[in-house]
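Colleague: Sequence first, then the predicted structure:
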Amino acid sequence: MRRSDLSDSPPYGAIFDSASIAPSQLNENSISRFFFDALALSAWKAFQGTQWSLRINPSSGNLHPTEAYLVTGSIEGLHNKPAVYHYAPKEHGLELRSEIEPEAWRRLMALAPEGSFLFGLTSIHWREAWKYGERAFRYCQHDVGHAIGTLRISAALLGWEARLIEDVTDDEIARLLGVETQSGPEQEFPECLGIVLPRGASPKRFSLDSDAIESISAGGWLGRPNELSPAHVPWEVIDEVTEATSKPRAQVNIGAHSRSKRPALHSLPEREDHDEPRARRLIHQRRSAVSMDGSTSISKTTFYRMLDRTIPRPATAPFDILPRSPKIDLFLFVHRIDSLSPGLYVLLRDSTRMAAFQTATHDRFRWEKPPDCPEWISLYLLEEGDVRQMAGALACGQAIAADGAFSLGMIAEFEPTLAEYGPWFYRRLFWESGLVGQLLYLEAESAGVQSTGIGCFLDNPVHDVLGFENHQFQSLYHFTIGGAVVDERLTTLPAYEDS
């Protein structure tokens with residue numbers, strides 16, 4: 001597929017204003033750009049004769065266990081029949097896996113608006129497990145969440161909407177993507193299926209025809225996956241949790257987005273148009289910081305804007321891709337925010353959880369809203385003081401959590417959520433945390449700083465700091481944002497030879 005010019009881009013803020021971008025026509029060029037801005041390579045790094053690639057979608061240890069698929073009708077310039085494709089980021093190409101009979105495609109998408117297509121994501125656990133052992137499963141889920149975020153943001157830049165489809169089982173996803181017959185340590189496990197559709201055409205509920213999936217699955221499949229390594233170490237616990245969290249055929253209770261009114265960002269001072277970074281350049285320059293300088297601070301206005309952007313709003317990317325109210329809230333370790341006291345804070349992304357958090361956390365916490373914080377941002381100071389040592393210690397002793405302008409822990413409403421939905425929702429909690437992380441990556445780049453996800457943290461000490469005595473709430477992911485220290489030993493090369 002053809003790679004597109006990054007100068008052809010709306011401003012970054014347009015991602016969050018769906019009406020500001022004219023919808024693109026569905027053709028080979030728009031599909032190419034959809035994947036290019038979501039899952040393609042972003043650069044190559046080189047050091048002492050060794051090269052490795054970076055991607056738009058971040059991954060724990062840059063190991064990339066996530067594979068992506070396109071399921072679509074005939075597209076001008078791509079193929080004259082409906083088909084299933086695998087996306088190959090190194091080549092930025094689509095690999096034809098199977099053609100779909102037009103009647104099967106019509107039945108599959110009978111409830112979908114005209115001009116819609118599907119994407120699917122799978123995980124290869126071994127790509128993470130060889131390095132991280134049993135932690136690999138949750139890291140794979142974080143990566144899925146980041147990829148969901150990059151896909152939704154890329155769709156927004158094309159004037160499209162995107163939603164995850166919950167009314168489909170993991171087995172059906174595997175059959176539709178052609179991975180159901182895989183086996184062994186490097187098999188692909190189905191994660192999610194999403195629909196991309198014209199803006200304003202989103203149905204409240206969307207499902208796929210099961211018989212059509214069976215018909216597509218019975219077709220011929222082309223290609224075979226590459227093998228990572230000839231030897232493997234078994235991790236039975238990963239197999240057990242994969243089975244336990246599989247999405248079954250059951251009544252789907254997907255919930256609804258919180259309808260609380262939140263004023264638009266114009267209530268905060270915005271950049272002038274000529275200072276607004278271009279969205280696509282920002283997306284392609286995103287990097288995971290490996291070290292922070294311990295001195296950079298950010299303005300309070302920038303900090304509030306970052307927090308505001310993490311709050312889900314109806315029909316607003318990227319969180320509208322999730323068909324439910326938010327389950328993730330943020331505990332923040334504030335180190336250097338101009339004119340804001342350092343200390344431990346909480347951001348409730350769903351303010352209805354405030355009473356539950358106050359009951360679950362320490363009695364000594366102050367729960368004071370900063371005096372100049374916008375009223376719709378549910379940010380509260382819990383304890384004032386220097387929390388740098390605490391942040392680093394909780395992140396397995398990693399200085400990067402203490403040296404940023406701030407770091408944070410993502411806390412899930414855990415046992416009540418699993419009790420309501422079932423064990424299959426366990427993975428979705430990690431997806432939401434990865435999606436929050438992807439938004440924070442872009443917010444950091446937009447502010448002229450950098451960020452990185454922190455996968456290693458100490459669950460029980462985190463809970464002790466907050467006062468949790470059970471698993472009503474659970475720590476799932478940590479993050480840090482600040483001034484990055486650039487490793488000057490590394491050479492950066494273009495992602496593709498002709499770019």
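Modeller: Ah, there it is. Numbering: from 1, shown residues only.

Colleague: okay, CA-based contacts and neighbour counts for the rest of this
Modeller: Fine.

Colleague: Please enumerate the strands of the stretch 1-150 of the chain.
Modeller: Applying DSSP state E, counting those that start in this stretch to the stretch 1-150 of the chain gives strands spanning 41-47, 50-55, 66-72, 83-88, 93-99, 117-123.

Colleague: Same check on the stretch 301-450 of the chain?
Modeller: Using DSSP E, counting those that start in this stretch, strands in the stretch 301-450 of the chain cover 328-334, 343-347, 379-384, 406-413, 450-454.

Colleague: how about these, which one is nearest Ala110?
Modeller: strand 328-334 (33.9 Å; C-alpha to C-alpha).

Colleague: just checking, what packs against that closest one?
Modeller: strand 343-347, strand 406-413, helix 425-446 (3 or more C-alpha pairs under 8 Å, 6 or more residues apart in numbering; DSSP states H and E).

Colleague: residues in contact with the spatially most central residue of the chain?
Modeller: Residue closest to the average C-alpha location in the chain (C-alpha atoms, centre = their mean): His146, at 2.4 Å. Applying C-alpha atoms under 8 Å, 6 or more residues apart in numbering to His146 gives the contacts 57-59, 431, 434-435, 437-438.

Colleague: Kindly recompute the last result at 6 Å.
Modeller: Applying C-alpha atoms under 6 Å, 6 or more residues apart in numbering, we find His146 in contact with 434-435, 438.

Colleague: picking up where we left off before, redo the strands of the stretch 301-450 of the chain as a markdown table? Include distance to Lys81 and mean pLDDT.
Modeller: Listed next are the strands of the stretch 301-450 of the chain as a markdown table, based on distance: least, C-alpha to C-alpha, whole Å; pLDDT from 0 to 100:
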| stretch | distance to Lys81 | mean pLDDT |
| --- | --- | --- |
| strand 328-334 | 41 | 98 |
| strand 343-347 | 48 | 98 |
| strand 379-384 | 51 | 98 |
| strand 406-413 | 43 | 98 |
| strand 450-454 | 41 | 96 |
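
Colleague: Mind putting those into CSV with distance to Glu67 and mean neighbour count?
Modeller: Converted to CSV, the strands of the stretch 301-450 of the chain look like this (distance: least, C-alpha to C-alpha, whole Å; neighbours: other C-alpha atoms under 10 Å):
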stretch, distance to Glu67, mean neighbour count
strand 328-334, 25, 25
strand 343-347, 32, 23
strand 379-384, 36, 20
strand 406-413, 25, 25
strand 450-454, 20, 26
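
Colleague: Now render those strands as TSV, adding distance to Thr296.
Modeller: Formatted as TSV, the strands of the stretch 301-450 of the chain follow (distance: least, C-alpha to C-alpha, whole Å):
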stretch	distance to Thr296
strand 328-334	12
strand 343-347	17
strand 379-384	20
strand 406-413	10
strand 450-454	11
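
Colleague: Could I get the pLDDT score of Leu6?
Modeller: As summarised for this prediction, Leu6 has a pLDDT of 77.

Colleague: mind checking which of the strands of the stretch 301-450 of the chain is nearest Cys396?
Modeller: Using C-alpha to C-alpha, the nearest of the strands of the stretch 301-450 of the chain to Cys396 is strand 450-454, at 9.4 Å.

Colleague: That closest one vs strand 406-413, what angle?
Modeller: Strand 450-454 and strand 406-413 are oriented at 40 degrees to each other (axes from the mean of the first three to the mean of the last three C-alpha atoms, to 10 degrees).

Colleague: and the helix or strand following strand 450-454, what does it pack onto?
Modeller: Using DSSP states H and E, the helix or strand that follows strand 450-454 towards the C-terminus is helix 459-466. The helices and strands touching helix 459-466, judged by 3 or more C-alpha pairs under 6 Å, 6 or more residues apart in numbering; DSSP states H and E, number zero.

Colleague: ok, then the element right after helix 459-466?
Modeller: strand 473-482.

Colleague: Show me what the following helix or strand past that following strand is packed against.
Modeller: Per DSSP H and E, the first helix or strand lying C-terminal to strand 473-482 is strand 491-493. Strand 491-493 is packed against strand 41-47, with contacts defined by 3+ C-alpha pairs under 6 Å, 6+ apart.

Colleague: ok, back up a step: now mean neighbour count, distance to Thr242 and mean pLDDT too, for the strands of the stretch 1-150 of the chain, in JSON lines please.
Modeller: Output for the strands of the stretch 1-150 of the chain, formatted as JSON lines (neighbours: other C-alpha atoms under 10 Å; distance: least, C-alpha to C-alpha, whole Å; pLDDT from 0 to 100):
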{"stretch": "strand 41-47", "mean neighbour count": "17", "distance to Thr242": "28", "mean pLDDT": "95"}
{"stretch": "strand 50-55", "mean neighbour count": "15", "distance to Thr242": "26", "mean pLDDT": "95"}
{"stretch": "strand 66-72", "mean neighbour count": "23", "distance to Thr242": "15", "mean pLDDT": "98"}
{"stretch": "strand 83-88", "mean neighbour count": "21", "distance to Thr242": "23", "mean pLDDT": "98"}
{"stretch": "strand 93-99", "mean neighbour count": "20", "distance to Thr242": "25", "mean pLDDT": "97"}
{"stretch": "strand 117-123", "mean neighbour count": "22", "distance to Thr242": "11", "mean pLDDT": "98"}
